[in-house]
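Visitor: Pasting a predicted model and its sequence here:
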Amino acid sequence: MIVMKGFKTEFETFINDLQDKICVTLETIDGKARFKEDLWQREGGGGGRTRIIANGAVFEKGGVNTSAVHGMLPESMMKYLKTDFSHFFACGLSLVLHPVNPYVPTVHANYRYFELYDNDGEVVDFWFGGGSDLTPYYFFEDDKAHFILAQKAVCDRLDLNLYPRYRAVCDDYFYNKHRSEARGIGGLFYDYLRADKEHSGSFWFEFVTSLGHEFIDSYIPIVERRKEMAYGEKQRYWQEIRRGRYVEFNLLYDKGTLFGLKTNGRTESILMSLPPRVRWDYDFVPEPGSAEEKLLLALKR
């Protein structure tokens, strides 16, 4: 039997260090709010470090969370993962930021790692997953270009095939099928990245961690560019309408939300991604030719 070597220790160190770096950066740019830390334990094994920022000058609500959990998969998750092994370890960093200013986009990012074990505790499978995507309320082409090109540079340094492959996966995944529109304007999404004939486990470790380290440079310049733009009640109203679409995706389709709830994860940490102020108006349609309509046209396929 071939003994597999996973990346449990290395990846857990990566997410904890990245959480610290991102939180310090966000507190600095906000200038008012500070993260509240909540340490929690999971019934069944493991726990996490939830950090929430709220009512800031720049960020209305946000979370930068890490978790490292282990135990036995429920039968439903074994079927979903198509595995006969039930012993697992999973760790990851997940963040969502909902800014105050409607001209600053919401952002989501996730970097995660998963291991499966046999009854003797030997690693029988492991994979990486994650991604990041941008959800604006008003569409700016230069914001989109900056966010995407920062990630593309990481991909192209490792393999020129990576960016087009995982950009397409992102466009397919972050899509509200019942609305026939994308949740946002794109990014990258990848899952089940295993060692194969083309790339080793170490390659995928470098790929995912490099993208994690790139997050700050991909998003913060956009925040700096937009955070002082003047806005009014009309723009806030539209922001809340669009946040409703964000909620719909997270509760209907998001894999991380579903996995966390099905494996007895901490509900408060899992649902921290939901925005604080949101609305659903019946059949709301923006004015033709408006900036609001411009966003919708960008999100329609």
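Guide: Cool, the structure landed.

Visitor: Strands along the chain, start to end?
Guide: Taking DSSP state E, the strands of the chain run over residues 36-41, 46-54, 59-72, 87-99, 106-117, 123-135, 175-176, 181-182, 186-193.

Visitor: Sheet partners, orientation included, of the third one?
Guide: Yep, that's strand 59-72 we're talking about. strand 46-54 (antiparallel), strand 87-99 (antiparallel) (DSSP bridges).

Visitor: now do the first one
Guide: Strands adjacent to strand 36-41 in the sheet, as given by DSSP bridges, are strand 46-54 (antiparallel).

Visitor: what sits up against the strand it pairs with?
Guide: Contact partners of strand 46-54, identified using C-beta atoms under 8 Å, 6 or more residues apart in numbering, comprise 16, 19, 23, 26-27, 30, 33-42, 59-71, 89, 266, 268-269, 272, 276. All C-beta atoms are positioned from the backbone trio N, CA, C, and that covers glycine.

Visitor: Out of these, which end up buried?
Guide: Taking 16 or more other C-beta atoms under 10 Å as the criterion, what is buried in the contacts of strand 46-54 is 19, 23, 26-27, 30, 33, 35, 38, 42, 59-71, 89, 266, 269, 272.

Visitor: Name the nearest residue to residue 39, sequence neighbours excluded.
Guide: residue 49 (5.8 Å; C-beta to C-beta, 6 or more residues apart in numbering).

Visitor: Same check on residue 147?
Guide: residue 134 (4.9 Å).

Visitor: which residues sit in contact with the one you found?
Guide: Contacts of residue 134 by C-beta under 8 Å, 6+ apart are 105-107, 143-144, 147, 184-187, 219, 222.

Visitor: and if you look at residue 68?
Guide: Counting by C-beta under 8 Å, 6+ apart, the residues that residue 68 touches are 12, 46-48, 89-91.

Visitor: Run through the bridge partners of residue 111.
Guide: residue 93, residue 130.

Visitor: My read is that residue 222 contacts residue 144, right?
Guide: No - in this structure, residue 222 is not within contact of residue 144 by C-beta atoms under 8 Å, at 9.3 Å.

Visitor: between the two, which one's more packed in?
Guide: Neighbours around residue 222 and residue 144, counted as other C-beta atoms under 10 Å, are more numerous at residue 222. The numbers are 23 against 19.
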